[in-house]
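S.K.: Kindly return the folded structure for what I paste below:
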Amino acid sequence: MKKTSYLFALLVFSLVTISCNNDDDTTKSDPEVDNATKIIGLWEIDKQFLNGDILPFTDECQAIETTEFKADESFFSVELDPIDGECVDAEPSKGTWSISNSELTLNFTQTGSLIQNDTYVFEILDLTSSSLKIKITSLDVDDDGNNDEYEIQYVK
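M.R.: Sure, this is the predicted structure:
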């Protein structure tokens, strides 16, 4: 009887020890949640690429334009124009954003005083807490009649 009680206690102890092991944590990180958290903040354009080649900024002001992604899934982009040697606010854009899989969707609701409803879907190439690189292939950036591969790299 003592042996049976001892084996039963050992079995219960083993089951409790195994079931309480922290190494079997089945909660995995959700990439969409991680990306949605990482993207929040103020981003500045670092580089842009057109069909694999670096695309120079049109002026010094474009190099300091920013986009802010907010936790409420809205965004605000500041566009700047050079006027009299200074960068001044041009037509800011705003709208909503969402992330699904490795895609960032931007729905522009306003550009300057123009109310619009334009949606663009970007492939997320890289997203860390300090770097964002996205690509879109459904725009004709260089006005040659063909869609281009346009990449934008941002830094926080």
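S.K.: what about the helices in the protein?
M.R.: 2-19, 31-39 (DSSP state H).
S.K.: so the longest strand seen in the chain versus helix 31-39, what angle?
M.R.: Longest strand of the chain, by residue count under DSSP state E: strand 114-127. If you take axes from the mean of the first three to the mean of the last three CA atoms, to 10 degrees, strand 114-127 sits at 110 degrees to helix 31-39.
S.K.: Could you list the buried residues of strand 114-127?
M.R.: Buried residues in strand 114-127, counting neighbours by 16 or more other CB atoms under 10 Å, are found at 122, 124, 127. Every residue, glycine included, has its C-beta placed from N, CA and C.
S.K.: Now render those as CSV, adding pLDDT and distance to Asp144.
M.R.: CSV is the format used below for the buried residues of strand 114-127 (pLDDT from 0 to 100; distance: CB to CB, whole Å):
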residue, pLDDT, distance to Asp144
Phe122, 97, 21
Ile124, 97, 26
Leu127, 96, 30
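S.K.: and of the residues you listed, the nearest to Ile136?
M.R.: Phe122 (4.9 Å; CB to CB).
S.K.: which residue is nearest the middle of this structure?
M.R.: Ile39 (4.2 Å; CA atoms, centre = their mean).
S.K.: roughly how far apart are that one and Thr67?
M.R.: 10 Å (CB to CB, to the nearest Å).
S.K.: Kindly report the same for Ser74.
M.R.: Distance from Ser74 to Thr67, by CB to CB: 11 Å.
S.K.: count of neighbours near the closest residue to Tyr150 other than its chain neighbours?
M.R.: Excluding the flanking residues, the one nearest Tyr150 by CB to CB, 6 or more residues apart in numbering is Val141, at 4.8 Å. A total of 15 residues lie near Val141 under the criterion other CB atoms under 10 Å.
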